[in-house]
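> from the sequence below, what's the structure:
(3 chains)
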Amino acid sequence: MKIILRDFKKSLLISLWFMFLTFPLVVVRVNTIENVVVWRWSNLIWVAAGSFFLSYLWRYMLARRNRRRKIAEEGVETRGRLQMLLENEQLRNRVLAILLALALVFPLVFDTYQTNIMVTALIFVVLGLGLNIGVGLAGLLDLGYVAFFGLGAYCYAILNHNFDLGFWFVLPIGGMIGCLFGVILGFPILRLRGDYLAIVTLGFGMLFRVIMENWETLSSGPSGIANIDRPGLFGLEMTLAQSTTYIYYIMVALVVLTIIVTNRLKNSRIGRAWIALREDEVACVAMGIDMGRTKLSAYALGAFWAGMVGVIFAAKTTFINPASFTFMESAIILSIVVLGGMGSILGVILGAFILILLPEYLRAFAEYRMLIFGAAMVLMMIFRPQGLISGLRQVYTYKGHKTHVGVKEQPINE
Amino acid sequence: MDYFLELFFSGLTRGSIYALIALGYTMVYGIIQLINFAHGEIYMIGAFVALIVSGVCTIYGLSGFAILILAAAIAAVYAAAYGFTLERVAYRPLRGSPRLSALISAIGMSIFLQNYVLLAQTPDFLPFPRLIPDLAFIEPVAHIIGTPELVILITTLITMVVLTFLIKKTRVGKAMRATQQDLSMARLVGINVDNVISLTFIIGSVMAAIGGVLVASYIGQVSFYIGFLAGIKAFTAAVLGGIGSIPGAVLGGLIIGWSESFAAGYISSDYEDVITFVLLVVILIFRPAGILGKVHKQKV
Amino acid sequence: MNESGRKLLEVKGLTMDFGGLRAVDSVSLTVHEGEIAALIGPNGAGKTTFFNCVTGIYVPTKGDILLHPQGEQTRRLNGLKPNQVTEMGLARTFQNIRLFGGMTVLENVMIGRHCRTSSGIFRSILRGSRVREEEQQIVEDSYYWLNKVGLEKYVNEFARNLPYGAQRRLEIARAMATDPLLLLLDEPAAGMNPYETSALEVLIRRISEEEKIAILLIEHDMKLVMKISHPIYVMEYGKKIAQGSPQDVRNNPRVIEAYLGEEVEA
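Below is the predicted model of the structure:
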């Protein structure tokens, strides 16, 4: 009884506090041009009720989290149901096969509008997977990832306009350019500590936009570049609908490729080094891993995917301008990775679909999209830092007694 | 020469505002090693609250310098409340988590607060009423430095003197310095570290709000987006001066203010934001500890 | 413990300054092949700083760190990065355990094999037969070490979920997986109970005998040091104050003074 009363009091106080906190911004609206003040008292009721109930939820969730942590500290692995299911490789492959089949028939069932939305979602899947290499696997927080995406898009737009180069020719070039800039920019900054790295990459992201807005001769400034060619298929004339479907299939192929490549890398010698770097830099270096090179490879590889998918983006929209490549896009990609699960391929795919498709289909939700993304990032970090689906552990098998190749067997002196 | 002086004073004005915001970054970083990404948003909220207070007052027929002071006071109270709540909600539950988690939470909070103001108020720029009267004695040099600049300079100067006093001479200040040196040790000698952290957020937020009000009344408009860029620049200032160092934040703010002002005046205003980032990258690469910062050896 | 073995690691006049503070003051030390050498001293004597200088985490202010691998040219280690030092054949553990908590026990050891293997990005993407063979070999080698330290039953557990003593042993396995010529152990028995300590003693001896590598350990546990190491070097306030056999060190008046109040007899 006492506890109930105490909790009630606490929630009441919290509710009052948030009423006070939100009062000037949520209730009052001043129109300094027409000299009227609008008082929106009804909002206050929403805040009061909302914060009252959320405070209960918050307390419950926090207690649950702390309980779980304690259990985990005692060495008991706490894995959810879903996690266990996903670790079953056979089941996982089957699910993936079904998903792929669904993806393949999608444009046959749905109209061009839907397909177009799906293309956007798939673009963000690749962006998420690309950023996941840096943020999720290697622990390098990149807040300017959109710059590489923009680089790829501008690369195609400019080459297409000035030199009339085709989509398929520029696609790998876009990736290469992204990769190249990843190396050039990454080289000096990757030895910085994590949070400094975040700020510098944020700066790069903004620099890219400022440069594209001001370098008129190259990028046509803020007005952007229009009439970019759609992807060609042996010179066939295509209607808008056909071309959308075509781009859709290109995207599906790219997503599959990205999944295969990142999955293989994740469970390779390189991928392990990335993860080790994320876990503990000092120990990682002391185990003989070259930090600079390992970080650079993760950063540049992430940039490669962004550059490549940027080319597709430009070909899809046929028009690009600097406004498409703002910090907001970087933030969305980051939320995809954080929400889905850092380091988890399946999680990132799920995250991209949720974050891109939900606002598309729930229009009412669209307005609150960024608000919810922001809140989700905070809440995920507090209550579920591993994301919706945490990275799967590779289980290795030991095949009998092969000889151990240690230093003693290896001839040192030759 | 007049043009140079004009740029000099405009750089000084901007720089002192950056310094005010940078102090919040530096103090928080000094204690919990977190880039409080949402600090720029606190600055923006301060400016917005001041706009609302002074807007309501002017509409109901009140006007003048006293209103600005009232608005600034209320803005400071609200900024403090937001800063306090921010730490309690988004950072305190993450103490002991990896730094990346706290940083992502901070970024999330920044996005959240920006969009909160956007939705609760407006996506457009709102005009801020002119509340600083033109002083007569400054008339002869008005082309070099105007009344608003003078007000900003004096206010920031006072704020910094108060802050220095607070940190150097009071008990709370001593507790803050001790916590900055060694958080767990401070806890062991009986300092309530949680309170010190809350207080740091409150002080930092108040200064950001003062900066916000000053800028808003100087430039004459406010939007939900102003905190983002100002925040990054102020952070750059903090890093430039040496993060964790209070004189460093001031120095860094002034350097950024001047370099922007001179770059805009002598080169082109298109690239005034670029110069900050170039400075940031160069500083971080060649002297990550900043100008006045101490080189930190990582303990193994 | 053969004292007549070849010199393996030779540190001459190593000095490390932090600002105005001299943490290590011209310390010289030699480890011969097959030896278990120990570096002891009271808290704050500069032992860990010494280790960090040798393993490349700090760049020493003065002095030489020389490695003499058998049949190869002598190599100067100062100024090399930690990963290069490891590649040269020095592997270490940490005083405050630094495992990769979010990776499995096996993966932790597999990281140790990184610098002895070579698959790059492109080959890992293509995953040809050579890469697959190399991967399998990494797994086998890592298993070998897990077996040796007795952690084979934990292979697929997260490292952070291991009991304390097991974490210390995992650090040793991970270091050994880098095929070192010399293993540096930074307080391997810290925080262990007597039972775990004696198991550790057996493990260190076994590694030394079976793998024929030299070991240099920093340790607080006098009993352990006196039992297994020879020679012993003693540091105090950044300076080396004594060296020699356990017997010599135990009877050295300066050592007794340095450890006044602590138990030296074993």
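> correct me if wrong: residue A:126 contacts residue A:258.
Yes - using C-beta atoms under 8 Å, residue A:126 is in contact with residue A:258, at 5.2 Å. To be clear about C-beta, it is placed using only N, CA and C from the backbone, and glycine gets the same treatment.
> after the host helix or strand of residue A:19, which helix or strand is next?
If you go by DSSP states H and E, residue A:19 is part of helix A:2-22. Per DSSP H and E, the first helix or strand lying C-terminal to helix A:2-22 is strand A:28-31.
> who touches that following strand?
A:36-40, B:51-52, B:55-56, B:59, B:121-122, B:126 (C-beta atoms under 8 Å, 6 or more residues apart in numbering or on different chains).
> so what strands line up beside that strand?
Partners of strand A:28-31 in the sheet, by DSSP bridges, are strand A:36-39 (antiparallel).
> show me how far the strand it pairs with is from its chain's centre.
On the basis of C-alpha atoms, centre = their mean, to the nearest Å, strand A:36-39 sits 40 Å off its chain's mean C-alpha point.
> helix/strand/coil for residue A:192?
coil (DSSP: H, G, I helix; E, B strand; the rest coil).
> how far away is the closest residue in space to it that isn't next to it in sequence from residue A:198?
Among residues not flanking residue A:192 along the chain, residue B:284 sits closest, at 5.6 Å (C-beta to C-beta, 6 or more residues apart in numbering or on different chains). Here residue B:284 is placed at a distance of 11 Å from residue A:198 (C-beta to C-beta, to the nearest Å).
> report pLDDT for residue B:294.
pLDDT for residue B:294: 66.
> got phi/psi on the residue nearest to residue A:192?
phi -60, psi -30 (degrees, to the nearest 10).
> over to residue C:25?
Per degrees, to the nearest 10, the backbone of residue C:25 is at phi -120, psi 110.
> which ones are touching the closest residue to it other than its chain neighbours?
Spatial nearest neighbour of residue C:25, chain neighbours left out: residue C:238 (4.2 Å); criterion: C-beta to C-beta, 6+ apart. By C-beta under 8 Å, 6+ apart, residue C:238 lies in contact with C:22-25, C:27, C:45-46, C:49.
> now, these that are in helices?
Among those, DSSP state H puts residue C:49 in helices.
> residue contacts, the closest residue to chain C within the stretch 101-250 of chain B?
Proximity of the stretch 101-250 of chain B to chain C (C-beta to the nearest C-beta) peaks at residue B:101, 12.7 Å away. Residues near residue B:101 by C-beta under 8 Å, 6+ apart: A:381, A:385, B:94.
> quick check: phi and psi at it.
phi -60, psi -50.
> measure residue A:297 to chain C for me?
Separation of residue A:297 from chain C (C-beta to the nearest C-beta, to the nearest Å): 6 Å.
> what mean pLDDT does the helix or strand hosting that residue get?
Following DSSP H and E, the helix or strand that holds residue A:297 is helix A:291-317. Per-residue pLDDT over helix A:291-317 has a mean of 94.
> can the helix holding residue A:19 be found next to chain B?
Yes - looking at helix A:2-22 against chain B by C-beta under 8 Å from any C-beta of the partner chain, the contacts come from A:17, A:20-22.
> which of these tops the neighbour count?
Most neighbours among those, by other C-beta atoms under 10 Å in any protein chain shown: residue A:22, with 20 neighbours.
> if I read this right, that one contacts residue B:120, doesn't it?
Yes - the criterion here is C-beta under 8 Å, and residue A:22 meets it with residue B:120 at 7.4 Å.
> tell me, what's touching the two both at once?
Residues touching both residue A:22 and residue B:120 (C-beta under 8 Å, 6+ apart) are residue A:43.
> measure how buried residue 3 is and give me the count.
All of this is about chain A. Neighbours of residue A:3 (other C-beta under 10 Å): 7.
> let's do chain B instead
11.
> equivalent analysis for residue C:39, please.
For residue C:39, using other C-beta under 10 Å, the count is 28.
> helix, strand, or coil at it?
Residue C:39 - assigned by three-state DSSP - is strand.
> show me where chain C has helices.
C:47-54, C:82-88, C:105-112, C:121-126, C:129-149, C:164-176, C:194-211, C:222-228, C:246-251, C:253-258.
> residue A:147 and residue A:203 touch, don't they?
No - using C-beta under 8 Å, residue A:147 is not in contact with residue A:203; the gap is 9.9 Å.
> just to be sure, residue B:130 is in a helix?
No - using three-state DSSP, the secondary structure at residue B:130 is coil, not a helix.
> ok, and the closest non-adjacent residue to it?
Here the residue nearest residue B:130, using C-beta to C-beta, 6+ apart, is residue B:220, at 6.8 Å.
> any idea how far residue A:241 lies from residue A:110?
Residue A:241 is 11 Å from residue A:110, by C-beta to C-beta.
> meant to ask about residue A:234
In this view, residue A:234 and residue A:110 are 26 Å apart by C-beta to C-beta.
> the two: who's more crowded?
Under the neighbour definition other C-beta under 10 Å, residue A:234 and residue A:110 were set side by side, and residue A:110 has more, 13 against 4.
> done for today, thanks.
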